[in-house]
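Asker: quick one, fold the following:
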Amino acid sequence: MSALRILLGIAILWFLMASAGDRHYLWGAGSTWVDPAVDRRGYPQFLRALFPKTDAVAFDVSYGILVALALLFLAGFASRVVTPLLLLFWIALSTNSVFLTNGGDVVIRLALLFCIFANLSRHWSIDAWWCRRRGVASIYPIAVTRRIPDWLTATAHNTAVILCGYQVVLIYVNSGIFKLMGKEWVEGSALYYALNLDVFRVFPVLSDIAWQITPFVAVGSWISIWAQLLFPVLILWRPTRYAALLVIMAMHLGIGLLLGLWPFSLAMMALDLVFIRDSSWERAFERARSVWPRPVSEKPATRTEPLSSEARGRELLSAGPHRPERVRARC
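Answerer: Residues are numbered from 1 along each chain as shown. As a prediction, the model looks like this:
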């Protein structure tokens, strides 16, 4: 779940920073023309009040708070407090314009909702570093943590993991079924049409190279169908699970690079990491350390032969009078 937190934080931060220059046109005063469509959705009024379109300063303050929450979420600082706040501000920003939402926005919302109940800061976080440095079990006050039983936090965390995994399976199976119903996907020509849509041609040169390779287009179309349809079965056995995750992540990298849908790609890749166990990460890091060992500092050579009485006397005279060292107590 810590890897999920990092990738999800990168996706949110990427989206916010890429849209920062046009934020007023996308969600602020320049987007009042979408208000009739927003009103029909029936969002609670307090959500829209967090990002007011009539006050540019208040809007910028809320946008800055959202960016700060994304940074804290990425760094793993007080994730049990930051995650619900991040979800609240993320939904509030989305309610200001209904035409900017996409699959990535929906996936991020669902993932943040599930992550409220998970322990996201156990590894690779400021919380974990602080606990190791202070020798404590949690950064939160003991008066609060001792009132919550361990079985409850463990159950909530495991439930969040299961819900994230279920959401991934649900997305892939439904996507595979809908693709199987499309004539272009079955024929193997769907990627050709996707790569020729002007709205998705982020790198036209790469898109032109990709769609001109007929085997790539056909095999990519078919693999995307069967990898998603068979994903629930492939994850049951470790070798096929790793193979399925590699294929799926390669597919999302292609979606981000060729179609420019990076928030969606990163959000889905973050959820895919739920199926990688902690022991697998530990083995991967051990192998990486064996390939790239840390440099070892050279120790000064030590004398093995005993000194004569004359040589020992010369060393004592050159060193001067002996002064006992002061021992500083550890705090």
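Asker: okay, now the nearest residue to S175 once chain neighbours are set aside: neighbour count?
Answerer: Nearest residue to S175, sequence neighbours excluded (C-beta to C-beta, 6 or more residues apart in numbering): Q228, at 5.2 Å. Heads up, the C-betas are built off the backbone N, CA and C, glycines and all. The local packing count at Q228 equals 24, with neighbours defined by other C-beta atoms under 10 Å.
Asker: heads up, I number from 157, so please use that
Answerer: Noted, 157 is the first residue going forward, which turns the last one into Q384.
Asker: export the one helix or strand Q384 maps to as CSV, just CAs?
Answerer: Take DSSP states H and E as the rule and Q384 turns out to sit in helix 370-385. Provided in CSV are the C-alpha atoms of helix 370-385 (Å, rounded to 0.1, in the frame of the first residue of the first chain):
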residue,chain,number,x,y,z
THR,A,370,0.7,-3.7,-38.3
PRO,A,371,1.8,-6.6,-36.0
PHE,A,372,2.0,-4.2,-33.1
VAL,A,373,-1.5,-2.8,-33.7
ALA,A,374,-3.1,-6.3,-34.0
VAL,A,375,-1.2,-8.0,-31.2
GLY,A,376,-1.6,-5.0,-28.9
SER,A,377,-5.4,-5.0,-29.5
TRP,A,378,-5.8,-8.7,-28.8
ILE,A,379,-3.5,-8.7,-25.8
SER,A,380,-5.4,-5.9,-24.1
ILE,A,381,-8.6,-7.9,-24.4
TRP,A,382,-7.4,-11.2,-23.1
ALA,A,383,-5.1,-9.8,-20.4
GLN,A,384,-8.0,-7.9,-18.9
LEU,A,385,-10.5,-10.7,-19.3
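Asker: list the contacts of the next helix or strand after it.
Answerer: Next in sequence after helix 370-385, counting helices and strands by DSSP H and E, comes helix 387-390. Helix 387-390 is touched from outside by 324-325, 328-329, 332, 383, 396-397, 399-400, 404, with contacts defined as C-beta atoms under 8 Å, 6 or more residues apart in numbering.
Asker: closest to S421 among those residues?
Answerer: Among the contacts of helix 387-390, I404 lies closest to S421 (C-beta to C-beta), at 10.6 Å.
Asker: show me what contacts that closest one?
Answerer: 328, 383-384, 387, 424, 428 are the contacts of I404 under C-beta under 8 Å, 6+ apart.
Asker: for it, helix, strand, or coil?
Answerer: Classification of I404 using DSSP: H, G, I helix; E, B strand; the rest coil returns helix.
Asker: just the pLDDT at it, thanks.
Answerer: Listed pLDDT for I404 reads 92.
Asker: could you do P449 as well?
Answerer: P449 is assigned a predicted lDDT (pLDDT) of 64.
Asker: quick one, strands of the stretch 257-406 of the chain?
Answerer: Along the stretch 257-406 of the chain, counting by DSSP state E, counting those that start in this stretch, no stretch forms strands.
Asker: my guess is the residue nearest to S331 meets L326, correct?
Answerer: No. The pair Q384 / L326 is not scored as a contact, 10.9 Å apart, by C-beta atoms under 8 Å.
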